[in-house]
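In: Could you work out the structure for the sequence below:
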Amino acid sequence: MLAYTVRRILVSIPVLIVSTFIVFLVVVNSGDPVANFATSRQPAPSKAAVTAFARHIHANQPVMERYWNWITGVLHGDFGPSVQANLNIGHDLFTRFKVTITLVAAAMILALIMAVVFGVFSAIRQYSAADYTITFFGFLFLAMPVFWFAVLLKQAGIWFNEKTGSQFLGTIGEKSPYLEVDTTWNQFTDHVGHLILPTITLALVSFASWTRYTRASMLEVLNSDYVRLARAKGLRRGKVMTRHALRTALIPLATVTALDIAIILGGAVITETIFQWHGMGEMLVQAATTLDVYRTMAWLLLSAVVVIGFNLIADLLYAVLDPRIRYD
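Out: Numbering: from 1, shown residues only. The predicted structure follows:
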C-alpha cells in the first residue's frame, strides 16, 4: 500500500501543475487589477504609483513568467504579492484554513453519521413509512439552495436567542469578539455555539445525497449471495449487517464523499459569507472582489490539494472496507 500511495502522490503532481496553470490563465484574464487600482482610489494615484503597483504584483511580466515565478515561489512558501499592502498571503491562507477546516470537518462527520444511520435504516425498512419519510426529507434537503437554507437557519437562530434570552446559537462570526469570563470552558462553548448552525447547513445538504447512495448500496449488498449465505449459516442479523453488509456498502459512500469535497468547499464559501466567518470563503470573496490574482490562486491551490488528498484517502479506504481489494 505504501508503494501505491507514493505512486498516487507522484501522479498528483502533474495534475496539480496543469490544473493550476489553466486556472492561472483564467484568473489573470478575469480582470485588470492595475486599472482597478488606478480608478478606485480617491484622489487618483500618480502614474508612478500605478507603475510601481503593477511592478509589485508582477503585472508587467509575461503570463508564463508570472506563473513560473509563482509556482516556484510556492515551493519555498511564498504565495506571491497581494494587492493589499503588507498582507502575507501564506499566513492569511493557513489562518483562515484552520477556521474553514473546522466547519468542513464537523459538517462531514455529521453528514456521514446521518447518511449511514438513515441510509441503512431506510434500506432495511424498504418501502415502509419510515423509508418514504427519509426519502422525502432527503429530496427536500437536496433541492434546497445552500444560501437559502443558511439564511433560514440564521433567522431561526436569531429567533431562538430572542425567545430564550441567551446568545447560545452564534449567528455572526466563528467566535464572539469578546467573552465576559474568558475561560477555557467559555471559549469551548462559544465555539460550539457558533459552529452549530453553519455545520447543520452544510451537513444536511450533503447528507441528502449521501443517504440515497448508502440506501442503494445497502440494498444491493443485502441481496448479494454472500449475505444470503451468512444468514443461511445462522449468523446473527446484527453481525451480518455490521461485519459483512455494511463494510461493503460503505465503498460507494467513500467514493462519493471524496468527489463531493469540492462541492462542500463551495458550499462553505456561501455558508461562511452568510454567517460572516473569517475563513477561506471570505478570503475568496475578497480576492475576487479586488482582483487579487495570487490570493485567489492560493485559495484554489490549497483547495485542489484538499480534493486530491481526500480522493487518495478514499482509495486507501477501499482496502480497509473490502478485504478483497489489495494494492501492490
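In: C-alpha from now on. contacts and neighbour counts both.
Out: OK.
In: for whatever helix or strand Val306 lives in, packing partners?
Out: For Val306, the element it lies in under DSSP states H and E is helix 293-321. Applying 3 or more CA pairs under 8 Å, 6 or more residues apart in numbering; DSSP states H and E, we find helix 293-321 packed against helix 2-28, helix 89-124, helix 247-259, helix 261-275, helix 280-289.
In: looking at the ones you listed, which is closest to Leu219?
Out: Proximity to Leu219 (CA to CA) singles out helix 89-124 among the helices and strands packed on helix 293-321, at 5.6 Å.
In: Could you give me the buried positions within the closest one?
Out: 89-90, 93-94, 96-97, 99-101, 103-104, 106-108, 110-112, 114-116, 118-124 (16 or more other CA atoms under 10 Å).
In: Tell me which residues are up against the next helix-or-strand element following that helix.
Out: The helix or strand immediately downstream of helix 89-124 is helix 129-143, counting by DSSP H and E. For helix 129-143, the external contacting residues (CA atoms under 8 Å, 6 or more residues apart in numbering) are 118, 121-123, 125, 204-209, 211-212.
In: Going by neighbour count, list what's buried in helix 129-143.
Out: Buried, per 16+ other CA under 10 Å, within helix 129-143: Asp131, Ile134, Thr135, Gly138, Phe141, Leu142.
In: Let's have the residues you listed in JSON lines, adding distance to Asn29.
Out: Putting the buried residues of helix 129-143 into JSON lines (distance: CA to CA, whole Å) gives the following:
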{"residue": "Asp131", "distance to Asn29": "50"}
{"residue": "Ile134", "distance to Asn29": "46"}
{"residue": "Thr135", "distance to Asn29": "44"}
{"residue": "Gly138", "distance to Asn29": "40"}
{"residue": "Phe141", "distance to Asn29": "37"}
{"residue": "Leu142", "distance to Asn29": "34"}
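In: For the longest helix seen in the chain, give the mean pLDDT please.
Out: Using DSSP state H, we find that the single longest helix of the chain is helix 184-222. Average pLDDT, helix 184-222: 89.
In: which residues sit against stretch 145-157?
Out: Contacts for stretch 145-157 (CA under 8 Å, 6+ apart): 169-171, 197-198, 201-202, 205, 267, 270-271, 274-275.
In: same thing with stretch 45-56?
Out: Contacts for stretch 45-56 (CA under 8 Å, 6+ apart): Val34, Phe37, Ala38, Asn60, Pro81.
In: mind listing which of those residues are in strands?
Out: Judged by DSSP state E, the subset of those located in strands is empty.
In: ok so, going back, taking the contacts of helix 129-143, tell me the two that lie furthest apart.
Out: Largest pairwise distance in the contacts of helix 129-143, by CA to CA, is 22.9 Å, between Arg125 and Val205.
In: So for these two, which sits in the more crowded spot?
Out: Legend: neighbour count by other CA atoms under 10 Å for Arg125 and Val205, higher for Val205 (24 against 13).
In: buried set for stretch 26-46?
Out: By neighbour count on 16+ other CA under 10 Å, the buried set for stretch 26-46 is Val27, Val28, Pro33, Val34, Phe37, Ala38.
In: quick one: low-confidence parts of the stretch 201-328 of the chain?
Out: 323-328 (pLDDT under 70).
In: Recalculate using a threshold of 90.
Out: 204-209, 221-255, 258-259, 262-263, 290, 308-328 (pLDDT under 90).
In: Distance of the nearest residue to Val34 once chain neighbours are set aside relative to Ala298?
Out: Closest residue to Val34 apart from its sequence neighbours, by CA to CA, 6 or more residues apart in numbering: Ala54 at 5.9 Å. Ala54 sits 19 Å away from Ala298, going by CA to CA, to the nearest Å.
In: Between those two, which is the more surrounded one?
Out: Each of Ala54 and Ala298 has its neighbours counted (other CA under 10 Å); Ala298 has more, 24 against 18.
In: That one contacts Pro81, doesn't it?
Out: No - Ala298 lies out of contact with Pro81 (CA atoms under 8 Å); the separation is 10.8 Å.
In: which neighbours do these two share?
Out: Ile89.
In: picking that back up, got the buried residues for the next helix or strand along the chain from the longest helix of the chain?
Out: Next helix or strand after helix 184-222 toward the C-terminus (DSSP H and E): helix 225-232. Across helix 225-232, burial judged by 16+ other CA under 10 Å covers Val227, Ala230.
In: now swap in stretch 6-21 and tell me
Out: Quick answer for stretch 6-21 (16+ other CA under 10 Å): Arg8, Thr20, Phe21.
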